[in-house]
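Trainee: Need the 3D shape of this:
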Amino acid sequence: MQTRTEMRDRLSHLLKTYAFEAREVTLSSGKKSNFYIDCKQVTLTAEGAYLIGQLLFHEIEQMDDIAAVGGLTLGADPLVTAVAYTSYLEAAPVASFIVRKQPKGHGTQAYLEGVKHIPAGSRVVILEDVITTGASALEAVKRSREHGFEVAKVLAVVDRDEGGREAIEAAGLTVFSLFKRGDFF
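Mentor: Take a look at the predicted model:
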């Protein structure tokens, strides 16, 4: 069995090898950047899901009364699944939910999916693959609070150190990330 340090080191290697690109890109915020981190290139692999599930679940285990993890689709989808699966294997089940960018166009017209089994007032953690401006995490926080959840914290795989952490903290939340910008340079 790998230690958390070994898991973090291996995840770092995978992210640097498959997710990180030193090139000019336009980010979802509209800002230009000279690097890109496409976490889905790792989070959607079996090993990446295992490592992320283990590492993020460890952070959640340190918190009190967390009922569920959720996040904005698409970046958070593999994260919430990995954490929920890991929590079940560890005999400490944590539910998961997905926050849509737009309400469902038919049926329930809901922003949140998978929440019928999570009681209102539950403490939840928002997961994010990459924090840049914090807009995606803050949208997930907003929708989760509107649904009646108490958001306890935001956990991310990577914080690009471009103001997102500060924006989330300004909303009264604590942010933890497995990696930061400096880990890639």
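
Trainee: List the contacts of the closest residue to Cys39 other than its chain neighbours.
Mentor: Once flanking residues are discounted, Cys39 sits nearest to Asp129: 3.9 Å by CB to CB, 6 or more residues apart in numbering. Any C-beta I mention is one placed from the backbone N, CA and C, and that applies to glycine too. Asp129 sits next to Cys39, Lys40, Thr43, Gly75, Ala76, Leu79, Ala156, Val157, Val158 when contact means CB atoms under 8 Å, 6 or more residues apart in numbering.

Trainee: run the last query once more with 10 Å
Mentor: Neighbour list for Asp129: 19, 37-40, 42-43, 52, 71-72, 74-79, 136, 156-158 [criterion: CB atoms under 10 Å, 6 or more residues apart in numbering].

Trainee: Mind checking which of these land in strands?
Mentor: Ile37, Gly71, Leu72, Ala156, Val157, Val158 (DSSP state E).

Trainee: any idea which of these is closest to Ser28?
Mentor: Nearest to Ser28 among the ones in strands among the contacts of Asp129 is Leu72, at 10.7 Å by CB to CB.

Trainee: okay, now the closest one: neighbour count?
Mentor: 25 (other CB atoms under 10 Å).

Trainee: Next: the one 5 residues further on.
Mentor: The burial metric for Asp77, expressed as a neighbour count using other CB under 10 Å, is 18.

Trainee: Give me the pLDDT for the residue nearest to Thr86 when sequence neighbours are not counted.
Mentor: Closest residue in space to Thr86, ignoring its immediate chain neighbours: Gly53 at 3.5 Å, by CB to CB, 6+ apart. pLDDT for Gly53: 98.

Trainee: before we move on, what about Thr108?
Mentor: Thr108 is given a pLDDT of 78.

Trainee: quick one: buried residues of the longest helix along the chain?
Mentor: Counting by DSSP state H, the longest helix found in the chain is helix 46-61. For helix 46-61, the neighbour count (16 or more other CB atoms under 10 Å) marks Gly48, Ala49, Tyr50, Leu51, Ile52, Gly53, Gln54, Leu55, Leu56, Phe57, Glu59, Ile60 as buried.

Trainee: Thank you, goodbye.
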